[in-house]
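Novice: Got a sequence here, can you model it:
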Amino acid sequence: MEYVIIILGLLFLAFIILLWKYAELKGKIEQRARQIFEANREGCCVGRVLFIVCTSVFVEAMGYGAAVPTLPLLAPHISPSVLGLLFSMYALAAIVLFFPISWVCDHVDRRIVVMLGLACFSLASLGVATTSSLWMLFLFRALQGAGGISVWTGGLALVLDVMAQRRAGRTMGYISAAVGGGTIVGPGLGALGSPHLPFMLLAVLGAVALVMSTGLPGGVPRAAAASTPLKLAHEVPVLVLLSGVLALTLVVGMVEAHAPSYLYAFGASVHVVGGMFVVMMALYTLIQLPVGAAFDRAGVLIAVVGLLGGAVLAPLIVLLPTLTAKMVALVLTGTVLGVVFTPTIAALGQLVPSSHRGMVMGLGNLCWNVGYFAGSAGGGLLIEHISLAGALLVASLVLVLTALLYAITLKAY
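Specialist: Model (predicted):
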């Protein structure tokens, strides 16, 4: 079973690489793909597309969350550094594969990217559930990451293609709420019975989402700027928005990786800390639809509120005197930072032509993974050489500078 799953996963990667390599055929491929997309879009139900993509990212987020309590149990005798590497394989695969997957998404077929991503995620989850080998666990974890970035890149691009521009904020609000819900359910799923059982369930859920994804429109959209690069006038705003994703996840990675240990030292129990993160993600999920609606009315500068709020609240996790106050500050930090992601991704979708939307969504995912890795790993180095308070003050400075970039660069958008 393990080798069958490996072969299928490698075939998936080979398919992506081959399509990327033979880019000289892209003129004919793009023309046909756009014809398919337009033919499908005419009969496409927008609500159906949104529901399928929300379901897909919900399942992917469940897999991300389920790994937190289960991976240490699947590999109980490895060192903390090796365990950290095992966790990071998900992000590493996403970083390595973002460009070819984004290219296929923009030039060949958005639906194929989503379907292959769900197939890869489902097969990799089945592999995690059945393997007893550490190196196979590393491989399947990487394949989960490849599936995850495919679902995100193709799904977000598809939704933003079919939704009206004036509803981009509400659209991303639904997606962010689905991700938040999956992140809440995932760790609970990971606590069910054997550590292998959650991944078996994820394999089944991934297969269900794969069947649902056949209802998505195929091809890529026709656009007036289909063969042109991003316009110079849009490059700076796009880079600023991507820096917002990077800054956001840098702080999230730092807090999620290092705040629990700090709270344990103050006497908090595992159950209390776990419950605190559930409350934080529940509040994050609840605010996404109002935040999306606010973006549709007021624009991307609504994200500045989240950036500045996070900058003020993050250091209070350490500076406040009591354990209860520290935990409240942490919950509020995560909740307020939830105001940043939805407007930022919605604005990215609006600023770029549809012909580049897959690449930009892939870059957003890349920034997410790089920022999270930098926050968790770099935060550890800062804590070792300075302190958690110093690391959080550095994070606050990053958030303030990003807020200034947003306010100066994006006020016209």
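Novice: okay, CA-based contacts and neighbour counts for the rest of this
Specialist: Will do.
Novice: got the contact list for Leu143?
Specialist: For Leu143, the set of contacting residues under the criterion of C-alpha atoms under 8 Å, 6 or more residues apart in numbering consists of 9, 90, 93, 120-121, 124.
Novice: Quick one: mean pLDDT over the host helix or strand of it.
Specialist: Using DSSP states H and E, the element containing Leu143 is helix 134-162. In this model, helix 134-162 has an average pLDDT of 86.
Novice: buried ones in that helix?
Specialist: Buried residues in helix 134-162, counting neighbours by 16 or more other C-alpha atoms under 10 Å, are found at 136-162.
Novice: From the contacts of Leu143, keep the buried residues only.
Specialist: Among those, those scoring as buried are 9, 90, 93, 120-121, 124 (criterion: 16+ other C-alpha under 10 Å).
Novice: Narrow the residues you listed to those in helices?
Specialist: Cross-referencing the buried ones among the contacts of Leu143 against helices under DSSP state H gives 9, 90, 93, 120-121, 124.
Novice: Let me have those residues in a markdown table, extended by distance to Glu256 and pLDDT.
Specialist: Listed next are these as a markdown table, based on distance: C-alpha to C-alpha, whole Å; pLDDT from 0 to 100:
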| residue | distance to Glu256 | pLDDT |
| --- | --- | --- |
| Gly9 | 30 | 59 |
| Tyr90 | 16 | 81 |
| Ala93 | 21 | 84 |
| Cys120 | 27 | 91 |
| Phe121 | 24 | 92 |
| Ala124 | 25 | 90 |
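Novice: which helices and strands does the helix or strand following the helix holding Leu143 pack with?
Specialist: Using DSSP H and E, the helix or strand that follows helix 134-162 towards the C-terminus is helix 168-190. Using 3 or more C-alpha pairs under 8 Å, 6 or more residues apart in numbering; DSSP states H and E as the contact definition, the elements that helix 168-190 packs against are helix 46-74, helix 134-162, helix 270-298, helix 323-351.
Novice: winner for burial among these?
Specialist: Comparing these by mean neighbour count (mean count of other C-alpha atoms under 10 Å), helix 134-162 ranks first with a mean of 25.
Novice: got the angle for that helix vs helix 168-190?
Specialist: Angle, helix 134-162 to helix 168-190, by axes from the mean of the first three to the mean of the last three C-alpha atoms, to 10 degrees: 160 degrees.
Novice: tilt between helix 134-162 and helix 323-351?
Specialist: With the same axes, to 10 degrees as the basis, helix 134-162 and helix 323-351 are set at 60 degrees to each other.
Novice: wait, what's in contact with Val331?
Specialist: Counting by C-alpha under 8 Å, 6+ apart, Val331 touches 276-277, 279-280.
Novice: circling back: in the ones in helices among the buried ones among the contacts of Leu143, find the pair that's most separated.
Specialist: Pairwise distances among those were taken by C-alpha to C-alpha; the largest, 14.2 Å, belongs to Gly9 and Tyr90.
Novice: Distance of Ser387 relative to Gln144?
Specialist: Per C-alpha to C-alpha, to the nearest Å, Ser387 is found 34 Å from Gln144.
Novice: Likewise for Val340?
Specialist: With distances defined as C-alpha to C-alpha, the gap from Val340 to Gln144 amounts to 26 Å.
Novice: ditto for Thr153
Specialist: If you go by C-alpha to C-alpha, the gap between Thr153 and Gln144 works out to 14 Å.
Novice: Where does pLDDT dip in the stretch 101-250 of the chain?
Specialist: 164-166, 190-193, 219-234 (pLDDT under 70).
Novice: Now do the buried residues in stretch 260-271.
Specialist: Applying a neighbour-count criterion of 16+ other C-alpha under 10 Å, the buried positions in stretch 260-271 are 260, 263, 268.
Novice: could you give me the average pLDDT of stretch 330-348?
Specialist: Mean pLDDT, stretch 330-348: 88.
Novice: how much distance is there from it to the middle of the chain?
Specialist: 13 Å (C-alpha atoms, centre = their mean, to the nearest Å).
Novice: Check stretch 318-328 too.
Specialist: Its chain's C-alpha centre and that of stretch 318-328 lie 29 Å apart, by C-alpha atoms, centre = their mean.
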